[in-house]
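1. Next comes the sequence, and after it the predicted model I'd like to discuss.
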Amino acid sequence: MGIWNFYFIAKLFLYFGHYIGFHVWLNLAFAVFLAAPIPDRYARLKRLKLVRQGLAIPAGIALFYYDTWLPPITRVFSQASQLEGFSPAYLMELTGRFFNPLVVAGLAVLCVIYFFARKKLRISSFVFVAMLAPLYSMLQPKALSPSDTGPPDIGIVSAADNSSTNSNNIVDSSPGGNVGSNTGNSDTNNSVSNNLPAPPTDANLTAQLEAFYRSEAGRMVSFSPSPAMDAPFDIIFLQICSLSWDDLEFSKQRDNPLFKHFDIVFTNFNSAASYSGPAAIRLLRGSCGQPKHSRLYDPAAPQCETFSDLEKIGFEPQLAMNHDGHYGGFLDDVRERGGLQATPFDAKGMPAYLQSFDGSPVHDDYAVLSKWWENRLQSPKERVALFYNTISLHDGNYYSGHRTNSMEIYPQRLAQLLEDMDRFFSVLQASGRRVVVVFVAEHGASIRGDKMQIAGLREIPSPRISTVPVGIKLIGIPDNLAAKTLLVTKPTSYLALSQLLANFITVTPFGKSNLNMQDYVRDLPATRFVAENEDVVVMRSGKQYFIHSKDAEWIEYDPD
């Protein structure tokens, strides 16, 4: 096979280093095509060698790309128009993330070894044998330990009982005291099977995913106002782009004071997405169970649109952002697919805290929110529901006039955002009004990346990306409810947020209720981990995660 031997050696090196995948049968077929002899005695067949090489080069490039975990090439082409909006400096930054000095050094060493070994050995024979090694490992059944076969832990625990904000080991099964759950059939209410999962074969995993969608289709939360609306309050959704628990940990901000100021923190919340538009749609349609990604772009059932539901019971929907919302059609997603038909709050004239990856201004979060709150206090409306979206942490943002690597300044931007939110909470507190604040991230920034995708790439909606921080802050609650932070550790998603809001509306925590905070969160619906984008689904089965791409079988997600 000549120089093509090094092509396969390099791919096997990357495969065993967990930098790419390796489709054994396709690579073997390609190797056979390259190695098949063409008799020299047939002069007219000599041209076939040139023809074969001409066909092999594009085929080899395509096969190499197919073996990587990069997005399907069709996805790249479909996003070409958005890539055109990236600044040249940001494109250079992205390109640099693909360069790994250790990998390049390893390939260089292999190239030198190959150069000398090819003179003494029949390298092709060794290459064919080596290509069978991945097949052997793939055919081995993966044994599951007893701890991998049970359902995820489900529980609620006070922060006073647990020093970590990521505990999953305390189960609360105490009955009674709940406000009331109305999330559909009780047999499927949690959408987390209590039966042991079937072995993780391709067919079983596909069946589990389809069962998940069927179960979710029957789940819904309805909003019913309290008969005695004696304590009206506002609702503020703060949706944060590019923030996950993994990003917080990597940036050493997991113990930021902001999280100690929340009354409730969800430590196992799945945003189910790795891009902003789908995450916003899922939040705005959070009154129903989790649909397939493709269904997000179909008309929503009226009962699924959370802000429409809130409007029906007296909350005026409002919208604010610290950006213009044009990139990727984000504003269209919010209005047309999320059902939030509100004019965005005018942020013109606000400080341009950052420049976005496409050159547009990103306004200061505290400035926008505090100004919006000033306007809200002048409004005669008794109840307002705000959806606020910030892209301060988005990849590619940089400080105005100081072009720097956006990843390097991520911790600094994160610290500023968390401080801005805490300052805004103080402003709300000082106003004397009652407010329910929902701090919920869209998806992570993939700030550290992993072996299956580089830092900043979010084509695989892995648990490191879509397990995001969610905090609930009640401004103006009675002293008897202002206790330690409650950690909701069960696997949850947007349906749990909608149910929690419905609980607050049905029996207001700002009135004279005898309920404590645990009563509001005790029976929130759990949701199995399924996250997806247009081309990739990641699902949890037992305590393992599996990836499914279009036209491919399930594989285990192994970030390390």
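-> Okay, I see it.
2. Pull up the distance across stretch 337-351, start to finish.
-> 30 Å (Cα to Cα, to the nearest Å).
3. tell me which residues of it are tucked away?
-> Of all the residues in stretch 337-351, those buried under the rule 16 or more other Cβ atoms under 10 Å are 337, 338, 339, 340, 342, 344, 345, 347, 350. Using the backbone N, CA and C atoms, a C-beta is placed for each residue, glycine as well.
4. same thing with stretch 317-336?
-> Buried residues in stretch 317-336 (16+ other Cβ under 10 Å): 317-325, 327-328, 330-331, 333-335.
5. chain center to it: distance?
-> Centroid separation for stretch 317-336 versus its chain: 19 Å, with Cα atoms, centre = their mean, to the nearest Å.
6. Start and end of it, how far apart?
-> The straight-line separation of the ends of stretch 317-336 (Cα to Cα) is 14 Å.
7. just to revisit the earlier point, just checking, which of the buried residues of stretch 337-351 belong to helices?
-> In helices, defined here by DSSP state H, there are no members of the buried residues of stretch 337-351.
8. what bits of the stretch 151-300 of the chain have low per-residue confidence?
-> Residue ranges of the stretch 151-300 of the chain with pLDDT under 70: 151-198, 226-230.
9. same thing but at 90, please
-> For the stretch 151-300 of the chain, the stretches with pLDDT under 90 are 151-202, 224-231.
10. what do you get for the stretch 301-450 of the chain?
-> 301-302, 327-328, 347-353, 355-360, 395-409, 448-450.
11. For it, just list every one of the helices.
-> Assigned by DSSP state H, counting those that start in this stretch, the helices in the stretch 301-450 of the chain fall at 306-312, 330-332, 365-377, 410-431.
12. Please apply the same query to the stretch 451-560 of the chain.
-> Assigned by DSSP H, counting those that start in this stretch, the stretch 451-560 of the chain shows helices spanning 463-466, 494-506, 517-521.
13. now swap in the stretch 151-300 of the chain and tell me
-> 202-217, 245-250, 257-260, 276-284.
14. Next, the angle from the longest one to helix 494-506.
-> Here the directions of helix 202-217 and helix 494-506 differ by 20 degrees (axes from the mean of the first three to the mean of the last three Cα atoms, to 10 degrees).
15. returning to what we had before: check the helices of the stretch 151-300 of the chain for me and report the most buried one.
-> Each of the helices of the stretch 151-300 of the chain was scored by mean neighbour count; the highest is helix 276-284, a mean of 24, by mean count of other Cβ atoms under 10 Å.
16. Now do that helix: distance to the chain's middle.
-> On Cα atoms, centre = their mean, the centre of helix 276-284 falls 11 Å from the chain's centre.
17. got the angle between it and helix 494-506?
-> Interaxial angle, helix 276-284 versus helix 494-506 (the same axes, to 10 degrees): 40 degrees.
18. now the helices of the stretch 301-450 of the chain in JSON lines, with distance to residue 450?
-> Formatted as JSON lines, the helices of the stretch 301-450 of the chain follow (distance: least, Cβ to Cβ, whole Å):
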{"stretch": "helix 306-312", "distance to residue 450": "33"}
{"stretch": "helix 330-332", "distance to residue 450": "26"}
{"stretch": "helix 365-377", "distance to residue 450": "29"}
{"stretch": "helix 410-431", "distance to residue 450": "16"}
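19. Looking at these, which is nearest to residue 103?
-> Evaluated with Cβ to Cβ, these place helix 410-431 nearest to residue 103, the distance being 23.5 Å.
20. Buried ones in the closest one, by neighbour count?
-> Residues of helix 410-431 classed as buried: 410-411, 413-414, 416-418, 420-422, 424-425, 428, 431 (neighbour count, 16+ other Cβ under 10 Å).
21. ok, now stretch 370-383?
-> Buried residues in stretch 370-383, defined by neighbour count with 16+ other Cβ under 10 Å: 371, 372, 373, 376, 383.
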